[in-house]
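> Sequence and predicted structure are below.
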Amino acid sequence: MAPPKRLSDVQRKALRDWVHSQSRRPTQKACIAWFQAHYNHRLSQSTVSDILSPQYHYLDSECNPSSATRKGIGQWQDLEAILYEWHHTLDCKGAYISGDILIEKARQIWSSLSQYRDQPPPAFSSGWLHRFKQRYNIKQRTYHGEAGSVPEDVEEEMKAIRTIAGQYNEDDIYNMDETGLFWRMPPSQSLSSVNRPGIRKDKTRISMICCVNASGTDRLPIWVIGKAHKPRALRNINISAIGIRWQWNKNAWMNQIIMREWLLEFYQHIGQRSILLTMDNLPAHLSGLELAPPPPNIRICWLPKNSTSRYQPLDQGIIQNLKIYYRKQWLRYMLSHYERDLDPLESVTILDCIRWLVRSWHHDVLSSTILACFYKSTLVPDPIQLPVEAPDLKPLYEKVQQSGNLSDCMDISFFLNPAEESQEPTSSSNGMSSEVLLEQLITEASGSTDIYSDDLDDDTAEPAPLPKPQDALDAVRLLISYMEGQDASKAPILRSLERLERDLEGEIITARAQGTLDSWLSNA
């Protein structure tokens, strides 16, 4: 029997390079076939696993492989192996991966691997993160998209934009931006309606398009982008009456078609006013503008490339404020359900999400906060320092944790600002979602195929029946009775309810008269 053929590091590196270059991680059978075709040698599955393990991560370095060394062994080797492979694959494609993202992914991997199920979740501190990076020779890159790394020539571009903005008053300077939202993400690391190995925490995602002027007096309806054409919970709802525009595509993200529609509605909304619209130069924005160029009274300025974290007004705290108020309502919803021993994830719908967004956008986010963020962006001159105020949700967060008996809650900062929430949902080069990549790595490591798949609909709830006119009238009369017992300062609300009562009475009388006429005609 011939002795086993010894593999060289050059051959190992070739296989690793080929695997990392593929849009989807190849199976072991594919790796065996590729290696046999190139080196006329058939590898075993265990050898393939060994070559692709972090043991040989030094081969991925540009330097001489023999000069690289491992720096110790981590306490959770299975977790770190998956985390490193995930990081390496995305890093090779130029993706931005912060320390916060690595920590969040470590928590996600921990809750998904069965071997850690009976152990208390670790803190994954900054010290662990530092040691993990040392062990795997991960260097921190500088990305120009970060606020602290804006090139000097960008400041020159901003001077020109400020000169243009100086020709408009605060009511006529607008900013538009999109962001993601994990609209039903719970506080728990592993909370789910189905508790089983391999499941990830709920990160059902939508995107939002926000636009507002500097004074905060004109807040355009939020455009919500989901994955479903018409989610079940919205099928009986006139969504435009709520104050939201619903769009959809398979990635739940902005594209040129949606951008074109948004621009056309924006032009119609502005009318003949002379205004300035600022936004970043996302490819979808550029191509959408080609399809719908602006009229002469609307001027569009592109914020400097890779610097929106510093100069985009909506990114200076407006969107964050909106999300904090949204999550305040989501926490209240969860608390009310846990107190009644109910599962909030089973009942919350995308309609609840939309209602909370509308309330937060039009009633909770203050105009002073919006103006302060325009000042902070330097787009508008700052005559005075205005604070960017936000509610403290920590007491409410702790109540939800206690009431729901949640033992593995994430830190509140991760709940309020999930690291991947506003990233474009696919990687830059091959369209493969970083979430899909991580799940694939976890599945391979655990040998499980029972992974919670993305819901193609944006919620699974059945549409709620619309109230009948008489039911609505009875509800309004109940509210009137309540308001009649309040102080005089609530009189404007009472007058509005009385007008609504009158309108509903008119609709009911008209419907009855039409029914009588139809009955008479059918019997004639």
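Structure's in. What do you need? Numbering: from 1, shown residues only.

> Okay, Thr163 and Ala37: tell me how far apart.
61 Å (Cβ to Cβ, to the nearest Å). Any C-beta I mention is one placed from the backbone N, CA and C, and that applies to glycine too.

> cool, Gln45 as well?
17 Å.

> next one: Ile109
For Ile109 relative to Ala37 (Cβ to Cβ), the value is 33 Å.

> ok, these two, which is more surrounded?
Ile109 (24 against 8; other Cβ atoms under 10 Å).

> Give me the distance between the two termini of stretch 360-370.
13 Å (Cα to Cα, to the nearest Å).

> Counting neighbours, show which residues of that stretch come out buried.
360-361, 364-365, 369-370 (16 or more other Cβ atoms under 10 Å).

> CA atoms of stretch 493-510 as CSV?
Extracted C-alpha coordinates of stretch 493-510, given in CSV (Å, rounded to 0.1, in the frame of the first residue of the first chain):
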residue,chain,number,x,y,z
ILE,A,493,-59.5,66.8,20.5
LEU,A,494,-63.1,66.6,21.6
ARG,A,495,-64.2,68.9,18.7
SER,A,496,-62.3,66.6,16.2
LEU,A,497,-64.1,63.6,17.6
GLU,A,498,-67.4,65.3,17.3
ARG,A,499,-66.7,66.0,13.6
LEU,A,500,-65.8,62.4,13.1
GLU,A,501,-69.0,61.3,14.8
ARG,A,502,-71.0,63.5,12.5
ASP,A,503,-69.2,62.1,9.4
LEU,A,504,-69.8,58.5,10.4
GLU,A,505,-73.5,59.2,11.1
GLY,A,506,-73.8,60.6,7.6
GLU,A,507,-72.1,57.6,6.0
ILE,A,508,-74.4,55.2,7.9
ILE,A,509,-77.6,57.1,6.9
THR,A,510,-76.4,57.3,3.2
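
> Quick check: the nearest residue to Ala511 once chain neighbours are set aside vs Ile508, distance?
Using Cβ to Cβ, 6 or more residues apart in numbering and skipping the chain neighbours, the partner closest in space to Ala511 is Pro469 (6.9 Å). For Pro469, the distance to Ile508 (Cβ to Cβ) stands at 5 Å.

> Also His269?
34 Å.

> what bits of the stretch 1-150 of the chain have low per-residue confidence?
1-6, 58, 61-74, 92-96, 140-150 (pLDDT under 70).

> Which members of the buried residues of stretch 360-370 occur in helices, if any?
369-370 (DSSP state H).

> Redo the buried residues of stretch 360-370 as JSON lines? Include distance to Tyr56.
Below are the buried residues of stretch 360-370 laid out as JSON lines (distance: Cβ to Cβ, whole Å):
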{"residue": "Ser360", "distance to Tyr56": "49"}
{"residue": "Trp361", "distance to Tyr56": "51"}
{"residue": "Asp364", "distance to Tyr56": "52"}
{"residue": "Val365", "distance to Tyr56": "51"}
{"residue": "Thr369", "distance to Tyr56": "51"}
{"residue": "Ile370", "distance to Tyr56": "52"}
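
> Please produce CSV containing the buried residues of stretch 360-370, extended by distance to Pro293 and pLDDT.
Below are the buried residues of stretch 360-370 laid out as CSV (distance: Cβ to Cβ, whole Å; pLDDT from 0 to 100):
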residue, distance to Pro293, pLDDT
Ser360, 33, 96
Trp361, 28, 97
Asp364, 35, 95
Val365, 31, 96
Thr369, 33, 95
Ile370, 28, 97
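
> and of the buried residues of stretch 360-370, the nearest to Val388?
Closest approach between those and Val388, by Cβ to Cβ: Thr369, at 5.6 Å.

> residues contacting that closest one?
Going by Cβ atoms under 8 Å, 6 or more residues apart in numbering, Thr369 touches 216, 317-318, 321, 386, 388-389.
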